[in-house]
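[1] I need the structure of the sequence given here:
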Amino acid sequence: MSKRMKMMALIGVILVAAFMAFMGSGSFAANTDSKNVGVTAAVASTAQLTITSGSPVAYGDLAPVDTPVADTSKVLSLRVNSNKAWNLSVTKGGDLSGGGFNIPSANFKFQGESASTGVTLDVSSYAEFASTPGTQLAHGLRGANRTLDVRYSLLIDWDIQPASYTATHTYTVLNP
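    Numbers count the residues shown, from 1 in each chain. Reported below is the predicted structural model:
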């Protein structure tokens, strides 16, 4: 090998060694930098009430009988979705009335029944509908698809005048 070739080989080895030393020194090491980002989310208290079946409550034609028995065939099915504990109340807008006559509150009642897990009934035997502030029917835990049924009871006796009677009931769910 010629002197010149040997010199070139030596310079090549020196350059490779220098390059390797330079690479290992951290001069080309990746730089990192971190920043924290704060994240906030405000979740509002939310409650939803759905009447899933039985509305409107329509008895149709009724007649008094010698031994009156309350018609308890009408059932409302309700569903509550809430991200917080909740209360459910019912308020009557007035007595069942029509043609200038009223059906006494004692003849028109309701009760809660068939509640799902997470629902506690507060009215589990027949009670009269109340005006403002209404009657707390049930309360429950947060969650979706909390269900309950409300059974209506209507007694038509010989003291009820013939007429077409109507009333409005308002069901309200709220997060206390």
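
[2] quick one: Arg151 from Asn83, how far?
    Separation of Arg151 from Asn83 (C-beta to C-beta, to the nearest Å) stands at 28 Å. All C-beta atoms are positioned from the backbone trio N, CA, C, and that covers glycine.

[3] again, but for Leu96
    36 Å.

[4] then Ser105?
    Distance from Ser105 to Asn83, by C-beta to C-beta: 35 Å.

[5] show me where this protein has its helices.
    3-24 (DSSP state H).

[6] which parts of the chain are strands?
    47-53, 71-82, 86-92, 96-98, 101-103, 108-113, 119-121, 127-128, 135-140, 143-154, 169-174 (DSSP state E).

[7] possible to save those strands as TSV with distance to Ile14, mean pLDDT and mean neighbour count?
    Listed next are the strands of the chain as TSV, based on distance: least, C-beta to C-beta, whole Å; pLDDT from 0 to 100; neighbours: other C-beta atoms under 10 Å:
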stretch	distance to Ile14	mean pLDDT	mean neighbour count
strand 47-53	79	97	13
strand 71-82	77	97	18
strand 86-92	81	97	21
strand 96-98	107	96	17
strand 101-103	110	96	17
strand 108-113	93	96	20
strand 119-121	84	98	17
strand 127-128	101	96	16
strand 135-140	82	98	20
strand 143-154	74	97	18
strand 169-174	84	97	16
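
[8] right, so of the ones you listed, which gets closest to Pro162?
    strand 101-103 (8.6 Å; C-beta to C-beta).

[9] mind listing what the closest one pairs with, with the direction of each?
    strand 96-98 (antiparallel) (DSSP bridges).

[10] chain center to the partner strand, what's the gap?
    From the chain centre to the centre of strand 96-98 is a distance of 33 Å (C-alpha atoms, centre = their mean, to the nearest Å).

[11] neighbouring contacts of it?
    Under the criterion C-beta atoms under 8 Å, 6 or more residues apart in numbering, residues 102-103, 108, 154, 163-167 lie in contact with strand 96-98.

[12] again, but for stretch 75-86
    43, 45-55, 57, 88, 119, 139-152, 171, 173-176.

[13] at 6 Å instead, please
    Contacts to stretch 75-86, defined as C-beta atoms under 6 Å, 6 or more residues apart in numbering, come from residues 45-54, 140, 142, 144-151, 173, 175.
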